[in-house]
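Participant: could you work out the structure for the sequence below:
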Amino acid sequence: MDEASLAEGKLLCPVAKCNARLGSFGWSGSQCSCGTWVTPSVQFTKSRVDVKLKMNIQAVYVPVVESAAAAVGAPAPVVEASTNSESPPIPSA
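Facilitator: Predicted coordinates:
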């Protein structure tokens, strides 16, 4: 390869069977659609590139307590009183 072929060229798919043209590059630069000169320039053909969006999804654990339920207008949990006069057994540690 000579230096002239390294100054600008095509960007090809690295898969040997495919070898499709994905875009081009040029160390001397090229003019952007907004009018600015960009050096070096790398251009990809939009129809030849797959767009992958990165999505950050985080699971958030929010414990529901009596005061939080009341804050959103939900009814407070009902706790039934025991009619048994004996106190429940205390678990051993």
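Participant: the residue lying closest to Cys13 once chain neighbours are set aside and Gln58, how far apart?
Facilitator: Leaving aside its sequence neighbours, Cys13 sits nearest to Ala20 (C-beta to C-beta, 6 or more residues apart in numbering; 4.5 Å). Heads up, the C-betas are built off the backbone N, CA and C, glycines and all. Applying C-beta to C-beta, to the nearest Å, one obtains 37 Å for the distance of Ala20 from Gln58.
Participant: quick one, phi psi at Trp37?
Facilitator: Phi and psi for Trp37, reported as degrees, to the nearest 10, are phi -90, psi 130.
Participant: could you do the one 10 residues further on as well?
Facilitator: Dihedral angles of Ser47 (phi, psi; degrees, to the nearest 10) stand at phi -70, psi -10.
Participant: mind listing what it touches?
Facilitator: If you count contacts by C-beta atoms under 8 Å, 6 or more residues apart in numbering, Ser47 has none.
Participant: gap between it and Gly23?
Facilitator: 11 Å.
Participant: which stretches in this structure count as strands?
Facilitator: 8-12, 21-26, 30-31, 37-38, 41-44 (DSSP state E).
Participant: redo the ones you listed as JSON lines? Include mean neighbour count.
Facilitator: Below are the strands of the chain laid out as JSON lines (neighbours: other C-beta atoms under 10 Å):
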{"stretch": "strand 8-12", "mean neighbour count": "13"}
{"stretch": "strand 21-26", "mean neighbour count": "14"}
{"stretch": "strand 30-31", "mean neighbour count": "12"}
{"stretch": "strand 37-38", "mean neighbour count": "12"}
{"stretch": "strand 41-44", "mean neighbour count": "14"}
